[in-house]
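J.: I need the structure of the sequence given here:
(one chain, ligands or ions: 1)
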Amino acid sequence: MLRAIYPGSFDPVTYGHLDIMERSSKIVDELVVGVLNNNAKMPLFSVEERVKMLKEVTAEFDNILIVPFNGLLVDFAKKMEAELIIRGLRAITDFEYELQMSQTNHKLCPGVETMFLTTSIEYSYLSSTTVKEIAAFGGDTSQFVPEVVRKGLKEKMKVKRSV
Ligand code: PNS
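T.: Numbering: from 1, shown residues only. Below is the predicted model of the structure:
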């Protein structure tokens, strides 16, 4: 059985992430979406909120599991008994960071490989950071994120404006 980890911050999950999840869930037997729980990154959504949204938007896939993690990704992979890490590559600008991360992870744990899926063209420009910026200025994010995330962003921005 091939189990893979698709790790990320998912702050918040976008259609670009979902595209990678859907495609990789067809390649592997089980896909564990690892949600980074690291407050040092100052996420907009708490890990509980991110997990909840991810569970909702992946409910239709029976081989996708949403699990929060902290610490090293390779330790999480070992704990989950996963041999593969999946990452999405959008543009060449992603490559340097991803190469460094995959090589470091391979040094730390040679038994775990990283596989890259190139993002579908329609999502190649998309990032959680730009989605948050659009939401912060009251823009419409419905092309970029599922409904539950759009609602979550609206709520967060309302709270932010009121403080
Ligand atoms: O969605 P992101 O923020 O690009 O995801 C980055 C993530 C979570 C994959 C990366 O920060 C990570 O693996 N963090 C865990 C800590 C770790 O293992 N660091 C060493 C990797 S070089």
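J.: Okay, buried residues for the least confident helix or strand in the chain by mean pLDDT please.
T.: Here the helix or strand of the chain ranked lowest by mean pLDDT, DSSP states H and E is helix 147-162, holding a mean of 90. Buried positions in helix 147-162, judged by neighbour count with 16 or more other CB atoms under 10 Å: 148-150, 152-153, 156-157. All C-beta spots, glycine's among them, are computed from the backbone N, C-alpha and C.
J.: quick one: F45 and the ligand, what's the gap?
T.: 13 Å (CB to the nearest ligand atom, to the nearest Å).
J.: Phi and psi next, for that residue.
T.: Phi and psi for F45, reported as degrees, to the nearest 10, are phi -100, psi 140.
J.: Pick the one among the buried residues of helix 147-162 closest to A82.
T.: Distance to A82 across the buried residues of helix 147-162 (CB to CB) is lowest for V149, with 25.6 Å.
J.: Now E81: closest residue in space that isn't a chain neighbour?
T.: Nearest residue to E81, sequence neighbours excluded (CB to CB, 6 or more residues apart in numbering): R3, at 6.3 Å.
J.: N38 now?
T.: N70 (6.2 Å).
J.: how many neighbours does that neighbour have?
T.: 13 (other CB atoms under 10 Å).
J.: which residues touch V47?
T.: Contacts for V47 were tallied using CB atoms under 8 Å, 6 or more residues apart in numbering; they are 35-37, 68.
J.: how about a cut-off of 10 Å?
T.: Going by CB atoms under 10 Å, 6 or more residues apart in numbering, V47 touches 9-11, 35-39, 68-70.
J.: Give me the subset of those residues lying in strands.
T.: Mapping these onto strands (DSSP state E) picks out 35-36, 68-69.
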